[in-house]
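> Next comes the sequence, and after it the predicted model I'd like to discuss.
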Amino acid sequence: MKDETKCLHSGYTPQNGGPGVMPIYQSTTFRFNSTEEIAAVFDDPTKAHIYSRFTNPTVDCVEKKIADLENGVAAMCTTSGQAASLISVLNLASAGDRILSTSAIYGGTVNLFAVTLKKFGIEVDFIDVDSSEEEIKSKIKPNTKAIFAETLTNPSLQVLDIEKYAKVAHNNRIPLIVDNTFPTPILCKPINFGADIVIHSTTKYMDGHALQVGGVIVDSGKFDYTSGKFPDFTEPDKSYHGMIYTKDYPTCPYIIKARAQLMRDFGCYPSGMSGFLLNIGLETLAIRMEKYCENGLKLAEFFNSHPKIESVNYPNLKNNKYYNLAQKYLPKGTSGVMSITLKGDKTETIKFMDKLKLASKEVHVADIRTCVLHPASSTHRQLTDEQLTNCGINPSMVRVSTGLENIDDIIQDFEQALS
Ligand SMILES: *Cc1c(COP(=O)(O)O)cnc(C)c1O
């Protein structure tokens with residue numbers, strides 16, 4: 001099936017006389033006829049749903065749909081994008097290990113990696129997203145367990161050369177984790193270019209309507225964990241009666257381990273109702289992404305020719321540094337997100353923002369409604385000046401997320417605020 005069709009039909013197949021729309025299983029638990037049957041599920045957690053802390057039938061349908069859209073083999077939803085980033089890394093690294101990450105990533109992820117993971121004994125090395133193969137390789141140490149990067153960075157909008165990163169990761173027998181939040185699988189499928197694990201903050205375009213925070217981790221099923229670098233995958237898991245993930249679940253050991261070990265212990269799993277709401281967003285994802293790209297390009301062109309705008313950062317503009325990479329990895333468009341830098345200081349930038357009437361000032365991006373945010377005073381407030389520069393942020397920069405309103409109304413609002 002093509003994406004538009006997967007968005008509507010993957011994950012749930014109505015049975016004869018059954019509900020046409022995926023039902024909401026809002027139940028903490030599931031009943032069995034015998035103790036023996038429950039025991040069987042403890043032996044093989046893929047057999048049935050037993051407890052909604054780590055599996056739920058409604059969420060399961062959504063997971064199958066997202067895995068299908070990303071060309072992966074399995075997926076696991078989480079209660080936030082942050083939880084997805086955390087679990088994606090903890091599933092590979094423990095105290096004493098390292099992760100290599102590009103530095104231009106979401107501010108919350110920077111903090112998670114540089115501050116919180118460090119307290120857990122995991123060190124994260126940062127590298128410029130445009131680094132050469134040699135530079136990336138030189139940062140990989142024997143205890144580095146994964147490379148982490150964003151397809152289209154939030155908010156600096158740099159485009160990742162996925163194939164280059166995948167090649168270096170695989171030469172060093174470690175997986176590449178890609179945060180594909182902004183493109184969604186409609187604009188880019190990182191697994192097709194060699195990514196091993198794809199994560200999302202579903203809070204953004206996937207949910208699409210600013211209804212709820214969520215995340216997901218997708219397993220490509222392609223990475224070989226048996227090289228000796230990942231004993232947690234190849235040796236019996238004491239916490240799960242000796243399960244060996246690569247042997248017992250050869251098609252998707254990564255996601256089974258993440259669910260059986262980490263989700264069981266952390267419990268950051270969405271409810272049936274959450275799965276239902278996310279699915280509504282996914283049903284129209286393909287068609288919405290097309291429109292975001294169309295409106296986004298028109299708005300970027302408007303800013304590009306406006307005398308009060310110093311620069312526009314939108315990878316689908318021909319003058320953008322990442323235009324060629326965007327053509328390769330994001331041929332359908334680069335979403336509705338862009339950043340603009342005003343000719344003016346921080347005070348004038350904030351004044352411009354406060355004059356906007358239609359575009360809402362909110363801590364969100366990839367909303368169905370046009371919204372703006374000042375990263376330096378909000379999402380990236382906790383970062384030092386040096387970290388800000390590394391993330392490609394300056395005080396006169398505004399992140400603009402083009403919504404699905406009529407483009408003429410959107411442009412008119414920015415025009416009057418700039419005047
Ligand atoms: C928002 C975001 C996150 C964090 O997701 P939450 O759902 O807010 O926890 C992670 N990565 C990217 C690229 C994001 O935009």
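Looks like it came in fine. Numbers count the residues shown, from 1 in each chain.
> contacting residues around the helix or strand hosting Tyr165?
Counting by DSSP states H and E, the element that carries Tyr165 is helix 162-171. Residues outside helix 162-171 that contact it (CB atoms under 8 Å, 6 or more residues apart in numbering) are 133, 136-137, 140, 146-147, 149, 151, 175-176, 178, 190, 193-196, 329. Any C-beta I mention is one placed from the backbone N, CA and C, and that applies to glycine too.
> go on, stretch 16-30?
With CB under 8 Å, 6+ apart as the contact definition, stretch 16-30 has outside contacts at 11-12, 14, 48-52, 56-58, 61, 271-273, 275-276, 279.
> Quick check on those residues: which are buried?
The neighbour-count test (16 or more other CB atoms under 10 Å) marks 11-12, 49-50, 52, 56-58, 61, 271-272, 275-276, 279 as buried among these.
> Just give me the residue right at the centre of the chain.
Residue closest to the mean C-alpha point of the chain, counted by CA atoms, centre = their mean, is His200 at 2.1 Å.
> Quote the end-to-end distance of stretch 378-387.
The distance separating the two terminal residues of stretch 378-387, taken as CA to CA, to the nearest Å, comes to 14 Å.
> Quick check: which helices or strands does the helix or strand hosting Leu278 pack against?
Under DSSP H and E, the secondary-structure element containing Leu278 is helix 272-283. The contact analysis (3 or more CB pairs under 8 Å, 6 or more residues apart in numbering; DSSP states H and E) places helix 272-283 against helix 3-9, helix 57-69, strand 74-78.
> rerun at 7 Å
Judged by 3 or more CB pairs under 7 Å, 6 or more residues apart in numbering; DSSP states H and E, helix 272-283 is in contact with helix 3-9, helix 57-69.
> Quick one: closest of the ones you listed to Asn324.
Closest approach to Asn324 among the helices and strands packed on helix 272-283 (CB to CB): helix 3-9, 23.9 Å.
> Averaged pLDDT, that closest one. What do you get?
Here helix 3-9 scores 98 as its mean pLDDT.
> chain center to it: distance?
What separates the centre of helix 3-9 from the centre of its chain is 20 Å, taken as CA atoms, centre = their mean, to the nearest Å.
> if we look at whichever helix or strand comes after it, which residues are touching it?
Scanning forward in sequence from helix 3-9 by DSSP H and E, the next helix or strand is helix 35-43. For helix 35-43, the external contacting residues (CB atoms under 7 Å, 6 or more residues apart in numbering) are 32, 47-48, 50.
> near the ligand, which residues of the chain?
Along the chain, the residues adjacent to the ligand under the rule CB under 6 Å from any ligand atom are 80-82, 85, 106, 108-109, 150, 154, 179, 181, 201, 203-204, 213, 215.
> What is the lowest-pLDDT residue among these?
The member of the residues of the chain next to the ligand with the lowest model confidence is Asn154, at 87 (criterion: pLDDT).
> I'd guessed that one sits against Phe182; true?
Yes: using CB atoms under 7 Å, Asn154 is in contact with Phe182, at 6.2 Å.
> which residues does whatever residue of the stretch 301-419 of the chain ends up closest to the ligand contact?
Residue of the stretch 301-419 of the chain nearest the ligand, by CB to the nearest ligand atom: Val365 (6.2 Å). Taking CB under 7 Å, 6+ apart, we find Val365 in contact with 154, 204, 337, 371, 373, 399, 401.
> any idea how far the fifth one is from Pro57?
Same thing as Leu373. 36 Å (CB to CB, to the nearest Å).
> got it, and the second one?
Taking CB to CB as the criterion, Lys204 is separated from Pro57 by 25 Å.
> The third one now?
Distance, Val337 to Pro57, by CB to CB: 34 Å.
> what's the nearest residue to the residue in the chain that the ligand sits nearest to if we skip its chain neighbours?
When you check the chain against the ligand by CB to the nearest ligand atom, the closest residue turns out to be Gly81, at 2.2 Å. For Gly81, the nearest residue in space outside its immediate sequence neighbours is Ser201; the separation is 2.4 Å by CB to CB, 6 or more residues apart in numbering.
> so where's the protein shaky on pLDDT?
Counting by pLDDT under 70, the chain shows low-confidence ranges at 391-392.
> all strands for the chain, in order.
74-78, 98-102, 123-127, 144-150, 176-179, 197-201, 215-219, 309-313, 337-342, 360-361, 371-373, 397-401 (DSSP state E).
> The fifth one pairs with which strands?
Strands adjacent to strand 176-179 in the sheet, as given by DSSP bridges, are strand 144-150 (parallel), strand 197-201 (parallel).
> Please identify the most buried of those strands.
Each of the strands paired with strand 176-179 was given a mean neighbour count from mean count of other CB atoms under 10 Å, and the largest, a mean of 29, is that of strand 197-201.
> could you give the angle of that one to strand 74-78?
Using axes from the mean of the first three to the mean of the last three CA atoms, to 10 degrees, the inter-axis angle of strand 197-201 relative to strand 74-78 is 30 degrees.
> Counting neighbours, what do you get for Asp97?
Applying other CB atoms under 10 Å, we find 21 other residues in the vicinity of Asp97.
> And it, how far from Gly11?
Computed as CB to CB, the Asp97 to Gly11 distance reads 34 Å.
> hey, what's the residue nearest to Met397 when sequence neighbours are not counted bridged with?
Computed as CB to CB, 6+ apart, the closest residue to Met397 that is not its neighbour in sequence is Thr341, at 4.9 Å. When bridges are taken as DSSP bridges, the partners of Thr341 come out as Ser311, Met397.
> circling back to that earlier point, adding distance to Cys7, write the strands paired with strand 176-179 out as a markdown table.
Output for the strands paired with strand 176-179, formatted as a markdown table (distance: least, CB to CB, whole Å):
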| stretch | distance to Cys7 |
| --- | --- |
| strand 144-150 | 23 |
| strand 197-201 | 15 |
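> so Ser396 touches Asp345, yeah?
Yes: at 6.4 Å, Ser396 and Asp345 qualify as touching, with contact defined as CB under 7 Å.
> who has more neighbours, those two?
The neighbour comparison of Ser396 against Asp345 (other CB under 10 Å) goes to Ser396, with 20 against 11.
> Give me the buried stretch members for stretch 233-242, please.
Neighbour-count burial for stretch 233-242, counted by 16+ other CB under 10 Å, picks out 233-234, 237, 240.
> distance between the ends of it?
11 Å.
> could you pull out the helices for the stretch 251-400 of the chain?
All helices of the stretch 251-400 of the chain, identified by DSSP state H, counting those that start in this stretch, fall at 253-257, 264-266, 272-283, 285-304, 323-329, 346-355, 385-390.
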